[in-house]
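[1] Below is the sequence, then the predicted model.
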Amino acid sequence: MTLAHPIRTMFTALAPLLLAGALAQTSALAESAFKIPAPAADVSAAGDGLQTAVLAGGCFWGVQAVFQHTTGVTTAVSGYSGGTKATANYNLVSAGRSAHAEAVEIKFDPKKISYGKILQIFFSVAHDPTQLDRQGPDSGPQYRSAIFYANAEQQKVAQAYIAQLNTSGAYKSKIVTRVDNLDAFYPAEDYHQDYAFLHPMQPYIYINDRPKVENLKRMFADIYRDKPALVKSAGN
């Protein structure tokens, strides 16, 4: 499979050189994340059944990997949100020719993990919410930071949490995360699912995404799980 995105193609082409220094870079990146306060308000866990969160924070490979290793998450699916069904494909999205963001649909058991805790992990280790239309080596609106809310309660909690973090000065720069209505989520192509798990030594994954999972393990040890909830294992 040839990756359409030029940055990810470059990482693959330079694999031997990149892997030579990957261990040192991974150690450095692992220190860059920090645990932020939990949200003061949260979504209720009333009722039975799963809840859904859709989050965008740069390349979906890393965001998916983080939540696949989070206890209480049943599935984390890479995909696209913010645009139309007609443009929900990797070639158009990665080229910036759609309104989509690379996003992850997270199904979780609210009796095991709350929506607020999902957001705390999202802001702490899954991405940098102060980067506008970029994450790491990837740039463009398709890599924007966004929370796609499924209902008014999620919208209220997300907006309040961003305001809380900005007021507290948790970050040196202002959070640029958008809070948008979830019109639709479109799963990405099969080869994007479980990508970090299936390609752990791919340089892009090793350098950019492995540290995110390591930070989850280090900072949220109580809800980290070693065995990921894979999309293919769930029959999707």
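    Arrived safely, thanks for sending.
[2] Helix or strand next in line after the helix-or-strand element of the chain with minimal mean pLDDT, which one?
    For the chain, counting by mean pLDDT, DSSP states H and E, helix 22-30 ranks last in confidence among helices and strands (a mean of 44). On the C-terminal side of helix 22-30, the nearest following helix or strand under DSSP states H and E is strand 51-57.
[3] any idea how far residue 128 is from the one residue sitting closest to the centre of the chain?
    When the chain is reduced to its mean C-alpha position, the nearest residue by C-alpha atoms, centre = their mean turns out to be residue 63, at 2.4 Å. Computed with C-beta to C-beta, to the nearest Å, the distance linking residue 63 and residue 128 is 12 Å. For the C-beta atoms, the positions are set from N, CA and C on the backbone; glycine is no exception.
[4] I'd like to know which elements the longest helix seen in the chain is packed against.
    Scanning the chain for the longest helix, with DSSP state H as the assignment, gives helix 152-168. Contact analysis of helix 152-168 by 3 or more C-beta pairs under 8 Å, 6 or more residues apart in numbering; DSSP states H and E lists helix 115-121, strand 145-149, strand 178-181 as its packing neighbours.
[5] mind checking which of the ones you listed is nearest residue 234?
    Using C-beta to C-beta as the measure, helix 115-121 is the one of those that comes nearest residue 234, at 17.8 Å.
[6] Now find how far off-centre the closest one is within its chain.
    Chain-centre distance of helix 115-121: 12 Å, with C-alpha atoms, centre = their mean, to the nearest Å.
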